[in-house]
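S.K.: What shape does this take:
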Amino acid sequence: MKIKITSNPITPYGDFTKGQILTDEQYPVAFLNHLVDDAGAAERLDYETKIDEDYEPVKKPRSTQSSQPARASRKKIASKRKTKQ
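M.R.: Numbers count the residues shown, from 1 in each chain. Okay, here's the model as predicted:
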C-alpha cells in the first residue's frame, strides 16, 4: 500500500511533509489507513483492483434504419426588432 501525504501531519511516527510518499514496508497498514480515512491527511496511490473474469458486456441491439427522420417545418423566423435612431 502506498499513500501520498497531502498536508503536514504530526504523528507518533514523526512529522511528515506535503508530497511525501509512505509505504506499508515502512509503517503499519493500520497507521496508513488512519492517515487516509480518519485524519484526511493523505491519499491512496495504488488501489487493489479486482478483475471479474466471468463478466460479459451486454450488447445493445442496433437501432433500425427503416424510420425516416421528420422534415423540419418551414415556419418563418421572427426577425429582431430594429431600434429607432
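S.K.: For this structure, give me the ranges with low pLDDT.
M.R.: Along the chain, segments meeting pLDDT under 70 span 46-50, 63-73, 75-79, 84-85.
S.K.: Now do the helices in it.
M.R.: For the chain, the helices defined by DSSP state H cover 29-33.
S.K.: now the strands for it?
M.R.: With DSSP state E as the criterion, the chain has strands at 2-5, 10-11, 14-15, 21-23, 42-44.
S.K.: Same list (these) but as a markdown table, adding distance to R62 and mean neighbour count.
M.R.: The way it works is simple: take the backbone N, C-alpha and C, and place the C-beta from them, glycine included. Shown next, in a markdown table, are these (distance: least, C-beta to C-beta, whole Å; neighbours: other C-beta atoms under 10 Å):
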| stretch | distance to R62 | mean neighbour count |
| --- | --- | --- |
| strand 2-5 | 44 | 18 |
| strand 10-11 | 58 | 11 |
| strand 14-15 | 61 | 8 |
| strand 21-23 | 48 | 15 |
| strand 42-44 | 41 | 17 |
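S.K.: what would these look like in TSV with distance to V36?
M.R.: Formatted as TSV, those follow (distance: least, C-beta to C-beta, whole Å):
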stretch	distance to V36
strand 2-5	6
strand 10-11	13
strand 14-15	17
strand 21-23	10
strand 42-44	5
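S.K.: Which of those sits closest to V58?
M.R.: Relative to V58, the nearest member of the strands of the chain by C-beta to C-beta is strand 42-44, separated by 30.9 Å.
S.K.: For that closest one, which helices and strands make contact with it?
M.R.: strand 2-5 (3 or more C-beta pairs under 8 Å, 6 or more residues apart in numbering; DSSP states H and E).
S.K.: CA atoms of the strand it packs on as PDB?
M.R.: Below are the C-alpha coordinates for strand 2-5, written out as PDB (Å, rounded to 0.1, in the frame of the first residue of the first chain):
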ATOM      1  CA  LYS A   2       1.300   3.500  -0.900                       C
ATOM      2  CA  ILE A   3      -0.100   6.800   0.200                       C
ATOM      3  CA  LYS A   4       0.900  10.400  -0.600                       C
ATOM      4  CA  ILE A   5       0.800  13.000   2.200                       C
END
